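> Okay, predicted coordinates and the sequence, questions at the end:
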Amino acid sequence: MNRKWKRTLAVLLSVCLLFGSMIAPSAAEGQAAPDDTTAFFYDLGDKLLKGLLTGITALIPSLPMPSSYTQSQDFYPGMDAFQTEPDSDAQWLLGYASGSLLTENVLDGKHYVSGGLVGAGQTVLIDKKTPTEIIDDQRVRVTALSDDSGNGTVLLISLDAFGITSKDVRRIREQLRTFAKANNIVSINVSALHQHSVIDTLGMNGPLLEALFLNPFGNITGLYAPYSGKNAGFMENLYKVTAETAKAAVRGMEPGALTYAKTDISEYIRDKRAPEVFDGDMHRLRFVPLSGGEDAKETWLVNLAIHCTGNGVENREITGDFPYYMEKAVNEEAGANFQLIQGAQLAITLDTAPVQVEGASQFENMVAYGTALGQKLAEIPAEDEEAVAPILNVRHKEYTVPVENPLHRLFFRLKMLDATAVQKDWLGLELELVTEIGYLELGEQLAVAIIPGELEPALAFGGGLDAAQSWTGEAFSFTSMQETVGGERELLVFGLTNDQTGYILLPNDVHSFILFGNEELNAVSSQAAPRALAAFEALAGK
């Protein structure tokens, strides 16, 4: 297909997608419910656009999906019984390892950069966001943790990645299956840090035009793999390197002491969406080996909630973004191992104002930002640290979420988004996404919600929108995850873990689809929050 015809098709499809937005005014961030007249036009535009996308999806042939599911292979339910106090001879055992995910051929034009679809001034359906330069590394970091009670080891895996679906998590677990059984590993958690500047591991940043017109034929004939943002060779290497790094972490487990502390970083955070609830702290679990000596290294497991967009969403350079420079600062300041796990960062982005230098580039400000956060970790005073008793409890639960978003249904049909789903109708338009949630306890004072997407922080910590503040004009009453856990434990969130189901929004604040809000376009369903809250309560409810 020549470039002229590609551009013609691109224009036609763009007109279809943008038609709905022309019949209603734009909305400001956090805008309250529209008046009745405006709401009518929003509703009409939504129905027209969603109907159009649904019709296009129905015309695309695809292999049938299963109509129901049982417990997935390589799903880890966790521990049968929870401990409430340490065993008499309990101790923390921890191992750490890290490895590079980059391959030699990532600049070959067949790999794609995650984050924004294309750069400024480019055409979404034609231009391809292939990387132009490797600035720093794209890595995997693994912590293996046990309380030495015999109840099992937990693996916490962090990928420099935009996101990873449950199917790819299962591929990693598959490679660890025999090893996990032999080493009593009861929980394998794979998190994405959500960088917008690394090689795509989710699949939605690939060649859109080829996917629209060639994937249906490939689905039927099986003659070629679907066009996607995921490079098959890169993903196979990711599975292998991640599994080997996890094994190295387990083999390196040693006894030591674990402490917890946090530091306020709210001035480094900007929340772009009401109700502007967020965790303003950076949390640190610090493991100190008992062995001591010159070769002994501490391991710092860090949790914060900030989008990794320091290098911008349109640039094509490969960089681990500000977490890479956090790690560099921690290595230099304290000589410690470093691992970051993303939190509840729905619309929370970095605010570089505290470190900005006049005339500095965006990249330079990002480096300064990561360096400053790393230094703040190193400056936490010893008197702020609490000992964490050797108690480790974990459980996981599978559940389903209806796929209401017509764009997600289209991506599923095109196999650009290769997640685990079941279809409830013969056309394959009524889909349920199969995902999982987890609950982890550390010591007597910490609880962790393990979330398969980008969580609205209010769902974790409380403080939603009332009817007057919400987009739908309706109230949504819920019990926050912190309330479910109880006041005796502080709640942390490990987000984008074991799946990427998109944004998990307050159901009364899902804006009109025709406005093309970033969160709405990337939210699978208005039911994502109620389903997640119910599943979490089943795991953690008292």
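The structure has been received and is ready for your questions. Numbers count the residues shown, from 1 in each chain.

> For the protein, just list every one of the helices.
3-18, 36-59, 166-182, 208-221, 232-251, 321-334, 362-378, 406-414, 457-461, 481-485, 518-521, 528-540 (DSSP state H).

> quick one: buried residues of the longest one?
What that stands for is helix 36-59. Neighbour-count burial for helix 36-59, counted by 16 or more other CB atoms under 10 Å, picks out Ala39, Phe41, Tyr42, Gly45, Asp46, Leu49, Lys50, Leu53, Ile56, Thr57. For the C-beta atoms, the positions are set from N, CA and C on the backbone; glycine is no exception.

> residues in contact with the last one?
Residues counted as contacts of Thr57 (CB atoms under 8 Å, 6 or more residues apart in numbering) are Pro406, Arg409, Leu410, Arg413, Leu429.

> 6 Å - rerun?
Arg409, Leu410, Arg413 (CB atoms under 6 Å, 6 or more residues apart in numbering).

> Contacts for stretch 372-392, please.
Contacts for stretch 372-392 (CB under 6 Å, 6+ apart): 83, 86, 90-92, 147, 258-261, 263, 284, 326, 329-330, 333-334, 355, 442-444.

> repeat for stretch 68-77
Arg170, Arg173, Glu174, Ser187, Ile188, His396, Glu398, Val422, Val434.

> that older thread, comparing the helices of the chain, which comes out most buried?
When the helices of the chain are scored by mean count of other CB atoms under 10 Å, the highest mean neighbour count falls to helix 457-461 (a mean of 25).

> So for it, mean pLDDT?
Confidence for helix 457-461, expressed as mean pLDDT, is 97.

> Check the offset of it from the chain's centre.
16 Å (CA atoms, centre = their mean, to the nearest Å).

> nearest residue to Asp466 other than its sequence neighbours?
Once flanking residues are discounted, Asp466 sits nearest to Ala475: 5.9 Å by CB to CB, 6 or more residues apart in numbering.

> The one you found contacts Ala467, correct?
Yes - look at Ala475 against Ala467 with CB atoms under 6 Å: they come within range, at 4.5 Å.

> returning to that earlier point: okay, the residue nearest to Asp466 and Asn365: tell me how far apart.
41 Å (CB to CB, to the nearest Å).

> got it, and Asn105?
Asn105 is 31 Å from Asn365, by CB to CB.

> do the same with Ile135
14 Å.

> Ile265 now?
Counting by CB to CB, the gap from Ile265 to Asn365 is 16 Å.

> Now do the same contact list for Met65.
Ala421, Val422, Gln423 are the contacts of Met65 under CB under 6 Å, 6+ apart.

> Contacts only, for Trp92.
Gly256, Leu258, Pro390 are the contacts of Trp92 under CB under 6 Å, 6+ apart.

> what about 10 Å?
The contact partners of Trp92, by CB atoms under 10 Å, 6 or more residues apart in numbering, come to 86, 145-148, 253-258, 285, 287-290, 388-392, 442-443.

> and of the contacts of Met65, the nearest to Ser228?
Ser228 lies nearest to Ala421 out of the contacts of Met65, by CB to CB, at 15.8 Å.

> Same list (the buried residues of helix 36-59) but as CSV, adding pLDDT.
Output for the buried residues of helix 36-59, formatted as CSV (pLDDT from 0 to 100):
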residue, pLDDT
Ala39, 76
Phe41, 80
Tyr42, 82
Gly45, 84
Asp46, 84
Leu49, 86
Lys50, 87
Leu53, 87
Ile56, 85
Thr57, 87
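
> Considering those residues, which is situated nearest to Leu212?
Among the buried residues of helix 36-59, and counting by CB to CB, the member closest to Leu212 is Ile56, at 8.8 Å.

> Does the closest one touch Phe213 like I think?
No - under the criterion of CB atoms under 10 Å, Ile56 makes no contact with Phe213, lying 11.8 Å away.

> residue ranges for the strands of the stretch 51-200 of the chain, please.
Per DSSP state E, counting those that start in this stretch, the stretch 51-200 of the chain carries strands over the ranges 92-100, 133-134, 139-146, 153-159, 185-192.

> Including mean pLDDT and distance to Ile306, could these go into TSV?
What follows is those, written out as TSV (pLDDT from 0 to 100; distance: least, CB to CB, whole Å):
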stretch	mean pLDDT	distance to Ile306
strand 92-100	98	21
strand 133-134	96	23
strand 139-146	98	17
strand 153-159	98	14
strand 185-192	98	14
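
> Among these, which comes closest to Ile450?
The nearest among those, by CB to CB, is strand 185-192 at 6.1 Å.

> Pull out the CA atoms of the closest one and give them to me as PDB.
Output of strand 185-192 as PDB, limited to C-alpha atoms (Å, rounded to 0.1, in the frame of the first residue of the first chain):
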ATOM      1  CA  ILE A 185       8.000 -20.000  46.100                       C
ATOM      2  CA  VAL A 186       4.300 -19.200  46.800                       C
ATOM      3  CA  SER A 187       3.900 -15.800  45.200                       C
ATOM      4  CA  ILE A 188       5.400 -14.400  42.000                       C
ATOM      5  CA  ASN A 189       4.600 -10.700  41.400                       C
ATOM      6  CA  VAL A 190       5.600  -8.900  38.200                       C
ATOM      7  CA  SER A 191       5.300  -5.100  38.300                       C
ATOM      8  CA  ALA A 192       5.800  -2.500  35.600                       C
END
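
> Check which helices and strands that strand is in contact with.
strand 139-146, strand 153-159, helix 166-182, helix 232-251, strand 337-342, strand 392-402, strand 431-442, strand 446-450 (3 or more CB pairs under 10 Å, 6 or more residues apart in numbering; DSSP states H and E).

> Please name whichever of the ones you listed is nearest to Ala529.
strand 392-402 (9.6 Å).

> what mean pLDDT would you report for the closest one?
So the average pLDDT for strand 392-402 ends up being 97.

> Specify the angle between that strand and helix 528-540 in degrees.
150 degrees (axes from the mean of the first three to the mean of the last three CA atoms, to 10 degrees).

> who's in contact with Ala33?
Contacts of Ala33 by CB under 10 Å, 6+ apart are Ala39, Leu465, Ala467, Ala468, Gln469, Ser470, Trp471, Thr472, Gly473, Glu474, Asn508, Asp509.

> Save the contacts of Thr57 as a markdown table, and put in distance to Asn303 and pLDDT too.
Shown next, in a markdown table, are those (distance: CB to CB, whole Å; pLDDT from 0 to 100):
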| residue | distance to Asn303 | pLDDT |
| --- | --- | --- |
| Arg409 | 33 | 90 |
| Leu410 | 34 | 88 |
| Arg413 | 36 | 86 |
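
> hang on, Arg139 packs against Pro323?
Yes - if you go by CB under 10 Å, Arg139 and Pro323 touch, sitting 9.3 Å apart.

> list the residues that contact both of these two?
With CB under 10 Å, 6+ apart as the test, Arg139 and Pro323 both reach Ser158, Asp160, Leu193, Gln339.

> okay if I get those as TSV plus distance to Pro381?
Formatted as TSV, these follow (distance: CB to CB, whole Å):
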residue	distance to Pro381
Ser158	26
Asp160	30
Leu193	27
Gln339	22
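
> where in this protein is pLDDT low?
1-32, 117-126, 516, 542 (pLDDT under 70).

> on that earlier part again, next, give me the two most distant ones among the shared contacts of Arg139 and Pro323.
Checking the shared contacts of Arg139 and Pro323 with CB to CB, the most distant pair is Asp160 and Gln339, at 11.3 Å.

> so what sits against both of these two?
With CB under 10 Å, 6+ apart, Asp160 and Gln339 have common neighbours Arg139, Val140, Arg141, Leu193, Pro323.
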